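> just a sequence and a predicted model for now, questions to come.
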Amino acid sequence: DSGVTQTPKHLITATGQRVTLRCSPRSGDLSVYWYQQSLDQGLQFLIHYYNGEERAKGNILERFSAQQFPDLHSELNLSSLELGDSALYFCASSALAGVETQYFGPGTRLLVL
Amino acid sequence: AQKVTQAQTEISVVEKEDVTLDCVYETRDTTYYLFWYKQPPSGELVFLIRRNSFDEQNEISGRYSWNFQKSTSSFNFTITASQVVDSAVYFCALSESLGSSNTGKLIFGQGTTLQVKP
């Protein structure tokens, strides 16, 4: 158990819908990262937040957005969902920003029908 | 551009065999970090090791060992006396940097699926 929690574990929804994925980092960690794992793209970095502020963005679609709240938990919002958004979404956390080891949560498996 | 290549897509061994998973990386940075993660069938990503570019000493942890060679840009992972519980997908990753700053982004290889048969 990494100490990072993600909810829900599974999510099934329809195209065009909007969903919110939630992540709680390890106790004391200030950074939260989001990654998407799909069969065709592999593991792709989406976004990094440090202590409430966005630090880096990857190839995150405009339909996707994220935020980190004052209690340091983070949410990833996915809207206007498409079939291709079906994937495993991971959240990771680290103590600080930069080259710290990232500890991953169990992931949220999203299926868009 | 930074890149990680795991050329072995799938490896199958019989229990107790030794197996080496290859990882080759590309970066122009002089300071960087390399990682290995394990993804068992249950799906979570488990951290195994982190190594910085200045530390070329090989590392051993139980049945696991890592060989880092800057000259060949490789960071290979060996499992000695493999066990069925080692069956998983293994990912090598490189920390991204943009000039002098590190973004925190990990660049992952495509992963190697290891199947250990009893």
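Structure received.

> output the lowest mean pLDDT helix or strand found in chain A.
Least confident helix or strand of chain A, by mean pLDDT, DSSP states H and E, is strand A:53-57 with a mean of 92.

> quick one: the strands in chain A, in order.
Secondary structure of chain A (DSSP state E): strands at A:5-7, A:10-13, A:19-24, A:31-38, A:42-50, A:53-57, A:64-68, A:74-78, A:87-94, A:103-104, A:108-112.

> residues in contact with the third one?
Under the contact criterion C-beta atoms under 8 Å, 6 or more residues apart in numbering or on different chains, strand A:19-24 has outside partners A:4-8, A:11, A:13, A:32, A:34, A:72-78, A:81, A:89, A:91, A:93, A:105, A:108, A:110. Heads up, the C-betas are built off the backbone N, CA and C, glycines and all.

> now swap in the fifth one and tell me
Residues from elsewhere that reach strand A:42-50, judged by C-beta under 8 Å, 6+ apart: A:30-38, A:54-60, A:64, A:66-68, A:74, A:76, A:90, A:96-97, B:91, B:93, B:96, B:103-111.

> next to chain A, which bits of chain B? Give me the list.
Neighbours of chain A within chain B, by C-beta under 8 Å from any C-beta of the partner chain: B:33, B:35, B:37, B:42-47, B:50, B:52, B:91, B:93, B:95-96, B:101-111.

> go again with 7 Å.
Within chain B, the residues that sit near chain A (C-beta under 7 Å from any C-beta of the partner chain) are B:33, B:43-45, B:47, B:50, B:91, B:95, B:102-106, B:108, B:110-111.

> what's the single longest strand in chain B?
Longest strand in chain B, counting residues (DSSP E): strand B:88-98.

> thinking again about what came up before, could the strands of chain A go into CSV alongside distance to B:S71?
Below are these laid out as CSV (distance: least, C-beta to C-beta, whole Å):
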stretch, distance to B:S71
strand A:5-7, 40
strand A:10-13, 45
strand A:19-24, 39
strand A:31-38, 31
strand A:42-50, 27
strand A:53-57, 30
strand A:64-68, 40
strand A:74-78, 40
strand A:87-94, 30
strand A:103-104, 31
strand A:108-112, 41
